[in-house]
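Enquirer: okay, structure incoming, though there's no sequence with it:
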């Protein structure tokens, strides 16, 4: 019974946070298949490998003393191992699905999804362990602390790695492309280490834990806000030419760069045309954003495949425009 309750206590907040993170991506939603793959990487292979490596590398320190082993394992070994393993999924996206990294926000989204998958499974183990060792009250407190109050921690940590890779993807500077992913991974490890070390020491160090965790989340929100503003600017800039060439109307161009305008238009079509109209509008504005990003990528890198994708997107936009007019 306690296992079922612990599963629910881990899954329900995760579903809420995952939905919130996915909702934040306002202009061009990432493919659900790739988002799910990132989440599952965090939930299954990375956490299994982390358990093996964390245990193996902690053994020498436990031979000195149990307390020392606990501290080193939590504060040094776990952050290094876990953020490296979680980051492998992001490296896979960077090398094999790099065309999906259209903005810094995309890196944050994928990193956060890996982190949420890892956190969900890890929480189940902690909840069951705390209940068996300390009883119901401690179990309830642990659920509140890990799944709710600090429920975004692993998402925060690994989003730093994703952010670094996304910035590298969009940079033409070779030094930036090499250094920034390392800095992003280092920030993930550092935030993770500060959290674990502060929790292990306790006392006044809990203040450092709060500052680090919630300060990191606040900074990430600022970056997300900036990224959304930048995406809106790209859409306005690169789709202006499409208005001149007759692909888009002036009204469609203005709506495409406004999350509020998109929502209003979608709801209007939901009222007049039903679900099919709403979905057509969502696809239309998704393709508009993708077209703007591909044109931006072509300006940066002059890759022929970006022009090919842009041509396919224009054909889709023309067809969808007829459905929602």
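Expert: Cool, the structure landed. The structure presented is a predicted model; accordingly, all values stated were derived computationally and were not measured. Residues are numbered from 1 along each chain as shown.
Enquirer: for the protein, list the residue farthest from the centre, please.
Expert: In the chain, counting by Cα atoms, centre = their mean, residue 64 sits farthest out from the average C-alpha position, at 38.6 Å.
Enquirer: residues in contact with that residue?
Expert: Contacts for residue 64 (Cβ atoms under 8 Å, 6 or more residues apart in numbering) come out as none. Using the backbone N, CA and C atoms, a C-beta is placed for each residue, glycine as well.
Enquirer: before we move on, what about the one 5 residues further on?
Expert: Contacts for residue 69 (Cβ under 8 Å, 6+ apart) come out as 58-59, 61-63.
Enquirer: can you do 6 Å?
Expert: By Cβ atoms under 6 Å, 6 or more residues apart in numbering, residue 69 lies in contact with 58, 61-62.
Enquirer: also residue 73?
Expert: Listed by Cβ under 6 Å, 6+ apart, the contact set of residue 73 reads residue 58.
Enquirer: how close does it get to residue 83?
Expert: 15 Å (Cβ to Cβ, to the nearest Å).
Enquirer: cool, residue 280 as well?
Expert: Counting by Cβ to Cβ, the separation of residue 280 from residue 83 is 41 Å.
Enquirer: more crowded one of those two?
Expert: residue 83 (30 against 19; other Cβ atoms under 10 Å).
Enquirer: quick check, pLDDT for the closest residue in space to the more buried one that isn't next to it in sequence.
Expert: When the adjacent residues along the chain are set aside, residue 83 lies closest to residue 188, with 4.4 Å between them (Cβ to Cβ, 6 or more residues apart in numbering). Looking at residue 188, its pLDDT is 96.
Enquirer: do the same with residue 217
Expert: Value for residue 217, per-residue pLDDT: 85.
Enquirer: count of neighbours near residue 172?
Expert: Residue 172 - counted by other Cβ under 10 Å - has 8 other residues nearby.
Enquirer: pull the number of nearby residues for the closest residue to it other than its chain neighbours.
Expert: Among residues not flanking residue 172 along the chain, residue 300 sits closest, at 6.0 Å (Cβ to Cβ, 6+ apart). The local packing of residue 300 (other Cβ under 10 Å) involves 13 other residues.
Enquirer: list the contacts for the spatially most central residue of the chain?
Expert: Centroid-nearest residue in the chain: residue 109, 2.1 Å away (criterion: Cα atoms, centre = their mean). Listed by Cβ under 6 Å, 6+ apart, the contact partners of residue 109 are 25, 30.
Enquirer: try 7 Å this time
Expert: Going by Cβ atoms under 7 Å, 6 or more residues apart in numbering, residue 109 touches 21, 25, 30.
Enquirer: top of the residues you listed by neighbour count?
Expert: Most crowded among these, counting by other Cβ under 10 Å, is residue 21 at 22 neighbours.
Enquirer: show me what contacts it?
Expert: Contacts of residue 21 (Cβ under 7 Å, 6+ apart): 109, 112-113, 155.
Enquirer: try it again at 6 Å.
Expert: Contacts of residue 21 by Cβ under 6 Å, 6+ apart are residue 112.
Enquirer: where do the helices of the stretch 1-150 of the chain begin and end?
Expert: For the stretch 1-150 of the chain, the helices defined by DSSP state H, counting those that start in this stretch cover 2-24, 32-43, 45-64, 66-72, 78-96, 104-134, 136-143.
Enquirer: what angle separates the fifth one from helix 32-43?
Expert: Between the axis of helix 78-96 and that of helix 32-43 there is an angle of 160 degrees, by axes from the mean of the first three to the mean of the last three Cα atoms, to 10 degrees.
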